[in-house]
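Chemist: Starting from these lines, generate the structure:
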Amino acid sequence: MTDLTTPFSRVKIRTGALVFCDDDIALIRRDRRTGSHYTPPGGNVGDGEPLIGALRRELAEELQLDLDDASPPELCWIQDQMVTRPGPTPPPRKIHMIFRCHITPRVRARLATVEYDDLPDGGSEPGVIEWVNYRKAEELPLFPLIGAAVSALATPDGAPGVPLLAPVTDENYTWI
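Modeler: Below you'll find the model as predicted:
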């Protein structure tokens, strides 16, 4: 039985994608009172849902991207997250699985420019889809903490290096 009262006793898996169009990647920028931050499009994997199925669903929801219009997704990095966050329920441990795929400028022109995240109160929070040169990822407040790995790519399709990134903890990240 899962303990729902202890922090990190639940484990969630999140798929995310670096969607490349030439040297640019699609990131979702969320502007909050405490500052802006960026995330790659993606989300939690549902119970019994295949990883690529979750990635396909999330890219369709957030970017209006049909994964068939992109190169096959390539798993680049895995990052473990155990970060305290505000809220009434203890935070889960989250495993981020970051994929990479490539699209053409013609596909990019058809994609969403804003994404809406559902909030617990029934409202929604807008996120702007921003295309950023991948070499600048390290300079952004990007979550999960993949900016250095992304910026280190020699080319958009270059070898991703070590797949297991340093974990995200309260020592290296503060929830905003």
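Chemist: mind listing what's buried in the longest helix along the chain?
Modeler: For the chain, the helix with the greatest residue count under DSSP state H is helix 51-63. Going by neighbour count (16 or more other C-beta atoms under 10 Å), the buried part of helix 51-63 is 54-59, 61-63. All C-beta spots, glycine's among them, are computed from the backbone N, C-alpha and C.
Chemist: Please identify the buried residues of the next helix or strand after that helix?
Modeler: Per DSSP states H and E, the first helix or strand lying C-terminal to helix 51-63 is strand 74-82. For strand 74-82, a neighbour-count test (16+ other C-beta under 10 Å) marks 76-77, 79-81 as buried.
Chemist: Given the helix or strand that strand 74-82 is followed by, what are its sheet partners and their directions?
Modeler: Next in sequence after strand 74-82, counting helices and strands by DSSP H and E, comes strand 93-102. Using DSSP bridges, strand 93-102 pairs in its sheet with strand 11-21 (parallel), strand 74-82 (antiparallel).
Chemist: Buried residues of whichever helix or strand comes after strand 93-102, list them for me.
Modeler: Next along the chain after strand 93-102, taking DSSP H and E as the criterion, comes helix 105-108. The neighbour-count check on helix 105-108 (16+ other C-beta under 10 Å) flags 107-108 as buried.
Chemist: after helix 105-108, next one along is what?
Modeler: Using DSSP H and E, the next helix or strand after helix 105-108 towards the C-terminus is strand 114-118.
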